[in-house]
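S.K.: no sequence on this one, just coordinates:
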């Protein structure tokens, strides 16, 4: 059995989980998420725990077992605590400003780069060199952060660009003078 898949998911107080066929819906203080699980996986709610079981030890069922459990666990965490990604902007003159629903970034181009937040994502700019992306769906938060980072990925010579706060940029030496 999968160690991850076999672990039960604890349902915290204030969270309501319903299984209707292969649709799992999690409702909590921050919002509601729902996910279609694979038809072969069985999700049961017993008291304040959720159990995910698989029908056989086929390779596909084994890989879906842990994945299904993790996706449901992320939904429970999302509706209670939420997820966030922090991006850092490095470079002379590089900065970000929140204007209404839009994130306006000056990234060394001749124009500004504008990204607008949607219904699932909240953008926070505590200082001009830091952007915090928050939401209840882990996948959407990560995808949105990756799209913002792709506007100006960090370069290896001076480290200019947008990077995650935990990311380490491997630096290159650069050119040396000809002899």
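M.R.: That came in fine, so what should we check first? Everything numeric in this text was worked out from a predicted model, so none of it was measured.

S.K.: what about this structure, any weak spots by pLDDT?
M.R.: 1-2, 177-179 (pLDDT under 70).

S.K.: buried stuff in stretch 107-117?
M.R.: 107, 113, 115, 117 (16 or more other C-beta atoms under 10 Å). Any C-beta I mention is one placed from the backbone N, CA and C, and that applies to glycine too.

S.K.: ok, stretch 124-138 next?
M.R.: 125, 131, 133-138.

S.K.: likewise for stretch 136-154?
M.R.: Neighbour count says stretch 136-154 has 136-138, 140-141, 144-145, 148-149, 152, 154 buried, by 16+ other C-beta under 10 Å.

S.K.: looking at the buried residues of stretch 124-138, which are in helices?
M.R.: When those are checked against helices (DSSP state H), the matches are residue 138.

S.K.: I'd like the buried residues of stretch 124-138 laid out as TSV, including distance to residue 176.
M.R.: What follows is the buried residues of stretch 124-138, written out as TSV (distance: C-beta to C-beta, whole Å):
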residue	distance to residue 176
125	39
131	35
133	39
134	44
135	46
136	50
137	48
138	45
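
S.K.: select the longest helix from the protein.
M.R.: Per DSSP H, the chain has its longest helix at helix 59-80.

S.K.: name the helices or strands packed onto that helix?
M.R.: helix 3-6, strand 9-10, strand 23-28, strand 31-36, strand 49-53, helix 138-149 (3 or more C-beta pairs under 8 Å, 6 or more residues apart in numbering; DSSP states H and E).

S.K.: starting from the second one, tell me which strands it pairs with and how they run.
M.R.: Looking at strand 9-10 with DSSP bridges, its partner strands are strand 49-53 (antiparallel).
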